[in-house]
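below are the sequence and a predicted model; questions follow.
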Amino acid sequence: MVSSSAIRRLVESGDVSRACRFLERPFALEGDVVHGHGIGAKQTVPTLNLSTRSQILPANGVYITCTRDLATRTSWQSLTNIGYRPTFGGTDLAIETFLLAHLEGDAPRQIRVEFLFRLRDEKKFDSPEQLKAQIFRDVRRAQAYFRRVPCHNQKT
């Protein structure tokens, strides 16, 4: 037997893979896609910025995720960063998701982000170029993960 407080502690500590095993499904956040500052699209990679009302958030860091458009039910393999964007001097908490497949058409308005595995802590990089290089290393790790554990109904 597993208590909801134990699951909450696992998620809040970033141990989403263990929480997933106990829940028998991934921990997920749902909400609206909101406009960010456009920094990612210009300097690193484009992201979908999630606004959620959830009171429970995984620990700051980078996660392997599956992202689903709530309207079309289309899913994508993705990476999600929860944190303050220290490379760019951010002060507000952001939940930013990078889709591993190119997004065709308009961005979704509402998404569900399922957290599968925590890759690393959020880190401040000396330049946007260094951050971008790390993102692409994270992408390679996520692609290896998804060769074993695919998202359902995903775009590849």
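Arrived safely, thanks for sending.

can we go C-alpha only for contacts and neighbour counts from here?
Noted.

which residues sit in contact with the residue positioned nearest the centre of the chain?
Computing the C-alpha centroid of the chain and ranking residues by CA atoms, centre = their mean puts residue 80 first, at 1.8 Å. By CA atoms under 8 Å, 6 or more residues apart in numbering, residue 80 lies in contact with 62, 63, 64, 65, 95, 96, 97, 98.

select, from those residues, the two members most distant in space.
Among these, the pair separated by the greatest distance (CA to CA) is 64 and 95, at 13.0 Å.

residue 17 and residue 117 touch, don't they?
Yes - counting by CA atoms under 8 Å, residue 17 does reach residue 117; the two are 5.2 Å apart.

could you dump the contacts of residue 80 to JSON lines with pLDDT and distance to residue 29?
Formatted as JSON lines, the contacts of residue 80 follow (pLDDT from 0 to 100; distance: CA to CA, whole Å):
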{"residue": "62", "pLDDT": "98", "distance to residue 29": "15"}
{"residue": "63", "pLDDT": "98", "distance to residue 29": "13"}
{"residue": "64", "pLDDT": "98", "distance to residue 29": "13"}
{"residue": "65", "pLDDT": "98", "distance to residue 29": "11"}
{"residue": "95", "pLDDT": "96", "distance to residue 29": "10"}
{"residue": "96", "pLDDT": "94", "distance to residue 29": "12"}
{"residue": "97", "pLDDT": "95", "distance to residue 29": "12"}
{"residue": "98", "pLDDT": "94", "distance to residue 29": "15"}
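
returning to that earlier point: on the strand side of things, show who the residue nearest to the centre of the chain bridges to.
residue 63, residue 97 (DSSP bridges).

the strand ranked longest in the chain: how far from the chain's middle?
Taking DSSP state E as the criterion, the chain has its longest strand at strand 110-120. Relative to the centre of its chain, strand 110-120 is centred 4 Å away, using CA atoms, centre = their mean, to the nearest Å.
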